[in-house]
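Trainee: Predicted model follows, preceded by the sequence.
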Protein chains: 2
Amino acid sequence: MNSRTICVPNKAITEVKTIESINDMLSTRRILPVPVALVPTMGYLHSGHLSLVKKAREENQSVVVSIFVNPAQFGPSEDFENYPRDIGHDFALLANENVDAVFIPAVKEMYPLDFSFHIEGGWITERLEGASRPGHFRGVTTVVAKLFNIIQPTCAYFGQKDAQQAAVIRKMVTDLNMNVEIKTCSTVREPDGLAMSSRNTYLKPSERRAATILYRALILSEKLWKEGEKNAKRIRNEMKALIDKEPMASVDYISLADGNTMNEVDEACKGTLVSLAVKIGNTRLIDNTILE
Amino acid sequence: MNSRTICVPNKAITEVKTIESINDMLSTRRILPVPVALVPTMGYLHSGHLSLVKKAREENQSVVVSIFVNPAQFGPSEDFENYPRDIGHDFALLANENVDAVFIPAVKEMYPLDFSFHIEGGWITERLEGASRPGHFRGVTTVVAKLFNIIQPTCAYFGQKDAQQAAVIRKMVTDLNMNVEIKTCSTVREPDGLAMSSRNTYLKPSERRAATILYRALILSEKLWKEGEKNAKRIRNEMKALIDKEPMASVDYISLADGNTMNEVDEACKGTLVSLAVKIGNTRLIDNTILE
């Protein structure tokens, strides 16, 4: 166990307690005042992550942030190796947030060579993101279950941007009777509406401009809904037609679903989750809104 | 939450606290002094179970016994419906053991209609019992993880008779970082060597006599090993030849394996797990020994 001394511009030098081993995390956990919040992240932190950390800080006696780029949730053709990492910047951001500990294990600490157990979620993990990224949610649920067991948080904070992930984790907690409260916080957006995401860094300037198409399609769904359109197929079609006008964008899926079960709906209603995945060039982005 | 008043012959009337709902178990757990032991069972208790309960009672402040015939660990052609049940007898036995609570949930309490999550163990769950009973260990690990989350035991007691099950659960605890110590207790045997098992009740008198062949084959393996035989194949072959002399017995598998990984070995050594599954008539029995 050690601490990382961070020099934050215009601030006093701040120390963030960093923990790399599971045993050290278990010992630290024993002396943390409850309630203990966990904010699980893959690092490369942005304002979206920080909004979770701030909320966790407001609502709990102790806050643990985990930083772990989890290989198990990346497919073989996905961007695990190239996933953006900047630990120095992450710690500089966290130094302002008064977190009690940052758990930052190595891959071999979390997945020793003979590791073989996984958590499978069934239907809710097999569609939308799960259909486009086979095995993705198996990796997510397995690492989150491990983090829950290691950190034993009272509650854990997830971003609404990954709406299906939050639904999958809630279902895992319910089905497996885990003693953790799952809290979801609103998506944080750039001024032009693009949802904050570590993957936005992949976008070239022209792609960055095109990427607002996801948000614009969601706004369109909200507009149609407010005008009285309930037919999910018509809403999806109008969103698709809008996105198709953007030459750099290619739709992976557009969904109107029940936000708990992820079952597709025929009729939109209050609470329906409108979500979409769109490739902008080579970068796959996701976003969603809940109809009100 | 309620209690079951049991009239035990020649004893005062004893009360055993029974808990049927998960919420009641969670509330009860909060007031149990630690360390808390869990003895998970499928009921139809015999001296093997009671040896676990007694050991748990000796070593802990609180003892919870669970009784749950877990449908998820039975294959479609297996004996879930006909698995022997006698709750009255189970409570009569437990009334002597000073347990703090018996958790006895209904199937729908553990597996509501929309239940979909499971725990998969990989290789260690796929061979021997896992090969003969596809999905069996998925059911075991899932229900044990649920029981661990609901009862939050300090330690849990399993019988050595189900050696692969104990190894699978130890691996799950390690891989998923569960905060439970797994303790294994020696197999309890009938005077003629037959391992105690709820399934022994299926045996007709002639089958009951033939069933000692499992123990006799294990004794043979120990004898060969003590005489200096190290070749696993030769030991297996001699065991098979012995069992084949018993007309009612049909070998499912005979294994010499590493007791932690369940990997088959070519050369026996101290600590090698010798295990076997044999059908006696329609009843499939298992047993094992560890070479010393």
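Mentor: Yep, it's here. Numbering: from 1, shown residues only, chains lettered A, B, ... in the order given.
Trainee: All the strands of the stretch 1-150 of chain A, residue numbers only.
Mentor: Under the criterion DSSP state E, counting those that start in this stretch, the stretch 1-150 of chain A carries strands at the ranges A:2-6, A:14-19, A:36-41, A:62-67, A:101-103, A:118-120.
Trainee: Just confirm A:Val188 contacts A:Val53, I think it does.
Mentor: No - checked against CB atoms under 8 Å, the pair A:Val188 and A:Val53 is beyond contact range at 11.7 Å. All C-beta spots, glycine's among them, are computed from the backbone N, C-alpha and C.
Trainee: Mind checking which of those two has more residues around it?
Mentor: A:Val53 (23 against 18; other CB atoms under 10 Å in any protein chain shown).
Trainee: pretty sure the more buried one contacts A:Leu94?
Mentor: Yes - assessed by CB under 8 Å, A:Val53 is found in contact with A:Leu94 at 7.2 Å.
Trainee: shared neighbours of those two, which are they?
Mentor: Residues touching both A:Val53 and A:Leu94 by CB atoms under 8 Å, 6 or more residues apart in numbering or on different chains: A:Val65.
Trainee: so which of the strands of the stretch 1-150 of chain A gets nearest chain B?
Mentor: strand A:118-120 (5.0 Å; CB to the nearest CB).
Trainee: Can you give the contact residues for the closest one?
Mentor: Counting by CB under 8 Å, 6+ apart, A:72, A:138, A:141-142, A:145, A:172, A:176, B:117-120, B:122, B:176 sit against strand A:118-120.
Trainee: same thing with stretch A:144-156?
Mentor: With CB under 8 Å, 6+ apart, stretch A:144-156 has contacts from A:22, A:25-26, A:29, A:34-40, A:56, A:59-60, A:64, A:66, A:68, A:103, A:110, A:119, A:169, A:172, A:176, A:178, A:180-183, B:176-179.
Trainee: now it: how far from the chain's centre is it?
Mentor: 16 Å (CA atoms, centre = their mean, to the nearest Å).
Trainee: same question, stretch A:76-89
Mentor: The answer for stretch A:76-89 is 15 Å, by CA atoms, centre = their mean.
Trainee: for the stretch 101-250 of chain A, what spans make up the helices?
Mentor: Assigned by DSSP state H, counting those that start in this stretch, the stretch 101-250 of chain A shows helices spanning A:107-110, A:129-132, A:136-151, A:163-175, A:205-210, A:213-226, A:232-244.
Trainee: Turn those into JSON lines, including distance to B:Ser132 and mean neighbour count.
Mentor: Putting the helices of the stretch 101-250 of chain A into JSON lines (distance: least, CB to CB, whole Å; neighbours: other CB atoms under 10 Å in any protein chain shown) gives the following:
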{"stretch": "helix A:107-110", "distance to B:Ser132": "32", "mean neighbour count": "14"}
{"stretch": "helix A:129-132", "distance to B:Ser132": "31", "mean neighbour count": "18"}
{"stretch": "helix A:136-151", "distance to B:Ser132": "26", "mean neighbour count": "24"}
{"stretch": "helix A:163-175", "distance to B:Ser132": "27", "mean neighbour count": "23"}
{"stretch": "helix A:205-210", "distance to B:Ser132": "54", "mean neighbour count": "14"}
{"stretch": "helix A:213-226", "distance to B:Ser132": "50", "mean neighbour count": "19"}
{"stretch": "helix A:232-244", "distance to B:Ser132": "47", "mean neighbour count": "17"}
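Trainee: With mean pLDDT and distance to B:Asn282 added, can I get these in TSV?
Mentor: Output for the helices of the stretch 101-250 of chain A, formatted as TSV (pLDDT from 0 to 100; distance: least, CB to CB, whole Å):
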stretch	mean pLDDT	distance to B:Asn282
helix A:107-110	98	45
helix A:129-132	97	41
helix A:136-151	98	37
helix A:163-175	98	34
helix A:205-210	98	66
helix A:213-226	98	60
helix A:232-244	98	53
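Trainee: nearest to B:Asn200, of the ones you listed?
Mentor: helix A:163-175 (33.9 Å; CB to CB).
Trainee: how about that closest one against chain B, any contact?
Mentor: Yes - applying CB under 8 Å from any CB of the partner chain, one finds helix A:163-175 touching chain B at A:171-172, A:175.
Trainee: same thing with stretch A:250-257?
Mentor: No - Stretch A:250-257 is not in contact with chain B by CB under 8 Å from any CB; minimum separation 14.9 Å.
Trainee: List the buried residues of that stretch.
Mentor: A:251-252, A:254-257 (16 or more other CB atoms under 10 Å in any protein chain shown).
Trainee: Which of the residues you listed fall within strands?
Mentor: Members of the buried residues of stretch A:250-257 lying in strands (criterion: DSSP state E): A:251-252, A:254-257.
Trainee: The closest residue to A:His89 other than its chain neighbours and A:Val65: what is the separation?
Mentor: Nearest residue to A:His89 in three dimensions, chain neighbours excluded: A:Leu45, at 7.3 Å (CB to CB, 6 or more residues apart in numbering or on different chains). Applying CB to CB, to the nearest Å, the value for A:Leu45 to A:Val65 is 8 Å.
Trainee: Of those two, give the one with the bigger neighbour count.
Mentor: A:Val65 (28 against 25).
Trainee: That one is in contact with A:Val39, isn't it?
Mentor: Yes - judged on CB under 8 Å, A:Val65 makes contact with A:Val39 at a distance of 4.8 Å.
Trainee: intersection of neighbour lists for these two?
Mentor: Common neighbours of A:Val65 and A:Val39 (CB under 8 Å, 6+ apart) are A:Val53.
Trainee: Distance check, A:Ile104 against chain B.
Mentor: Applying CB to the nearest CB, to the nearest Å, the value for A:Ile104 to chain B is 16 Å.
Trainee: Count the residues that sit near A:Asn98.
Mentor: Other residues close to A:Asn98 by other CB under 10 Å number 12.
Trainee: who's in contact with it?
Mentor: A:Asn98 neighbours (CB under 8 Å, 6+ apart): A:57, A:63.
Trainee: switch the cut-off to 10 Å
Mentor: Shown in contact with A:Asn98 (CB atoms under 10 Å, 6 or more residues apart in numbering or on different chains): A:14, A:16, A:53-54, A:57, A:63.
Trainee: Point to the helix or strand of chain A where mean pLDDT is at its lowest.
Mentor: Among the helices and strands of chain A, strand A:2-6 carries the lowest confidence by mean pLDDT, DSSP states H and E, at a mean of 57.
Trainee: if you skip the residues just before and after it, what's nearest to the most centrally placed residue in chain A?
Mentor: Nearest residue to the geometric centre of chain A (CA atoms, centre = their mean): A:Asp162, 4.7 Å. Leaving out its chain neighbours, the residue that sits closest to A:Asp162 by CB to CB, 6+ apart is A:Ile286, at 7.3 Å.
Trainee: Could you grab the helix/strand/coil label for the one you found?
Mentor: For A:Ile286, the assignment made with DSSP: H, G, I helix; E, B strand; the rest coil gives strand.
Trainee: residues contacting it?
Mentor: Neighbours of A:Ile286 in contact, by CB under 10 Å, 6+ apart: A:128-129, A:132, A:161-165, A:195, A:197, A:199, A:214, A:252-253, A:275-278.
Trainee: repeat for A:Ile22
Mentor: So A:Ile22 contacts A:103, A:105, A:109-110, A:146, A:149-151, B:177 (CB under 10 Å, 6+ apart).
Trainee: Throw those into JSON lines and include distance to B:Asp244, thanks.
Mentor: Below are these laid out as JSON lines (distance: CB to CB, whole Å):
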{"residue": "A:Phe103", "distance to B:Asp244": "56"}
{"residue": "A:Pro105", "distance to B:Asp244": "52"}
{"residue": "A:Glu109", "distance to B:Asp244": "49"}
{"residue": "A:Met110", "distance to B:Asp244": "48"}
{"residue": "A:Lys146", "distance to B:Asp244": "46"}
{"residue": "A:Asn149", "distance to B:Asp244": "46"}
{"residue": "A:Ile150", "distance to B:Asp244": "50"}
{"residue": "A:Ile151", "distance to B:Asp244": "54"}
{"residue": "B:Asn177", "distance to B:Asp244": "45"}
